[in-house]
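[1] Sequence first, then the predicted structure, then my questions.
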Amino acid sequence: MERNLLIAKRKFARKLYFKKRYTITKISEVLCSKRDSVRTWIQLSDNEISKDGRGWKKGKLRRYKEGTRERVVKIRKQLKKEQAFFFGSKVIRKNYQKEYPDGEQITEYFTNKTIKEEKDKTRKIDAKKLKKGEKARYMNYPQDRLDKLGKVVEQIDFIGPKYVKGSKDRINFLSRKYIRPIKLGLINQIKGQTTEETIRILIEDWKKHPKPEVIRIDNDSAFGSVKKGEGYIGGFTKFLLNLNITPVYTAPRSPWNNGAVEGHNNVFTKKFWNEICFENKDDIKIELKRFNLEYEAYSKLIRQEPEENKHKHIEQSFTIKKGLELTKKILPNASDEIYYLRVVRRTEDSSKGSGSEEGFVNIMGKVILIGKSYINSYILAKVNIKGQKLTIYSQNENGNSEVISAHKFAVNL
């Protein structure tokens, strides 16, 4: 389209809109133009109506000087280097004003766009570094061993606290998601993120749904994470072992280790909590029951899941009191293995100078040294309670697990 014709169409569009009171749809039909274009034209000022920005070189900034984008990227990298908790667009803009007081006033849109483009650029560079079919190193943990641990596997996690508008009362939820053989997801409102509340919900669950052979959990103290000292087994861990359930503790700050339940949490947030306006807690209970029933029906319809009654359940007479009794001590016929997914971190002995770094992981409050070649890799640690032994597995280049360490490990029963 020629420049003069474009300007004429813009002016005519504004005339039809402001003087003739035509709608945007009708103007687009008269001028044979897109509605988005018409909408843009009627918002132009008198000075902008005669400007033609077509043919602008891709990547060249229209509003800002050359180097402005690089300045934004530099500030963000510096904030991340300093390990700042907050390095979003608002913080970057404030730092930009301080560092370049004579520079332009950058907008939030420009800052976010620059950050996104830099992230995409970095991802592409990192992807090229990986050979075809090769996993990123930090993903190489022994998945094959985890897959063999049990036929019925469940993941659990807390959601919350959430708040009803106008109320300061905390609302917590316990989320569960089976990852095999069924894909059922369940969410219940709980009084607090405690071991007792978790056990109460699970006991009722396992009377109706399969009792898992393996359960994946994070390192929340309510789930039996260490809090009394080295080698201590928490109450919730004892509860699981006494029911012959093998606990697998995921790596800290690695929610993708528990990806199924984290995904279920997102579904709950988007389709339930963000969609419904609740006036009180009673409304939540009613809607939550409906949400669980609909999700169960959806799972059976979409995934054609096997019958649950083929799997083991706990007895209907099993009470919360009996469940809490199982948190006190490990019974003779209990399971004797606990698994931990961990990232090998770097430690350095300053007395030996640089180059003396070693890898280490923390298992049940104990620091376990591992060769520095495993730094930043995931490992799977198995603690055998009866044998008082620790075995650490890693994944080799062929994708198979191999033992990289095995030794005595004292466990406080």
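    Alright, I've got the coordinates.

[2] any weak-confidence spans in the stretch 1-150 of the chain?
    Residues of the stretch 1-150 of the chain meeting the criterion pLDDT under 70: 1-3, 51-63, 80-87, 122-140.

[3] how about the helices of it, start to end?
    3-18, 24-31, 35-42, 68-81, 89-99, 108-129, 143-147 (DSSP state H, counting those that start in this stretch).

[4] mind putting those helices in a markdown table, distance to Phe278 and mean neighbour count included?
    Heads up, the C-betas are built off the backbone N, CA and C, glycines and all. Output for the helices of the stretch 1-150 of the chain, formatted as a markdown table (distance: least, CB to CB, whole Å; neighbours: other CB atoms under 10 Å):
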| stretch | distance to Phe278 | mean neighbour count |
| --- | --- | --- |
| helix 3-18 | 42 | 15 |
| helix 24-31 | 38 | 16 |
| helix 35-42 | 37 | 16 |
| helix 68-81 | 37 | 16 |
| helix 89-99 | 30 | 16 |
| helix 108-129 | 31 | 12 |
| helix 143-147 | 38 | 14 |
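
[5] Of these, give the one that comes closest to Gln189.
    Closest of the helices of the stretch 1-150 of the chain to Gln189 is helix 143-147, at 30.5 Å (criterion: CB to CB).

[6] which is the next helix or strand following that closest one?
    Heading C-terminal from helix 143-147, the first helix or strand you meet, by DSSP states H and E, is strand 153-162.

[7] Does anything pack onto that next one? Which helices or strands?
    Strand 153-162 is packed against strand 171-180, strand 214-217, helix 259-268, with contacts defined by 3 or more CB pairs under 8 Å, 6 or more residues apart in numbering; DSSP states H and E.

[8] of those, which approaches Lys121 most closely?
    Per CB to CB, nearest to Lys121 of those: helix 259-268, 26.5 Å.

[9] how many neighbours does Tyr232 have?
    By other CB atoms under 10 Å, the residues close to Tyr232 number 16.

[10] Would you confirm that it contacts Ala410?
    No: counting by CB atoms under 8 Å, Tyr232 does not reach Ala410; the two are 10.6 Å apart.

[11] So which of the helices and strands packed on strand 153-162 is nearest Asp120?
    Judging those by CB to CB, what sits closest to Asp120 is helix 259-268, at 22.5 Å.

[12] Run through who's touching the helix or strand hosting Glu197.
    Here Glu197 is covered by helix 195-208, with elements defined by DSSP H and E. Contact partners of helix 195-208, identified using CB atoms under 8 Å, 6 or more residues apart in numbering, comprise 156, 174, 176, 186, 188, 190-191, 212, 222-224, 234-236, 239, 313-316, 318-320, 323-324, 327.

[13] ditto for stretch 13-22
    Stretch 13-22 is contacted by residues 24, 26-27, 30-31, 33, 38, 41-42, 44, 49 when judged by CB under 8 Å, 6+ apart.

[14] and the end-to-end length of it?
    One end of stretch 13-22 sits 9 Å from the other (CA to CA, to the nearest Å).

[15] Show me the domain layout of this structure.
    For the chain, automatic domain parsing gives the domain ranges 3-50, 68-129, 150-213+238-325.

[16] Figure out how far the longest one is from the centre of its chain.
    Same thing as domain 150-213+238-325. Put simply, domain 150-213+238-325 sits 17 Å off its chain's centre (CA atoms, centre = their mean, to the nearest Å).

[17] same check, this time on the shortest one
    Using CA atoms, centre = their mean, the distance from the centre of domain 3-50 to the centre of the chain it belongs to is 46 Å.

[18] Just grab the bridge partners of the closest residue to Arg145 other than its chain neighbours for me.
    Closest residue in space to Arg145, ignoring its immediate chain neighbours: Ser401 at 4.8 Å, by CB to CB, 6 or more residues apart in numbering. Taking DSSP bridges as the rule, Ser401 bridges to Gln395.

[19] Who are the contact partners of the residue nearest to the spatial centre of the chain?
    Most central in the chain under CA atoms, centre = their mean is Pro255, positioned 4.7 Å from the mean C-alpha point. By CB under 8 Å, 6+ apart, the contact set of Pro255 is 218, 262.

[20] Thanks a lot, see you next time.
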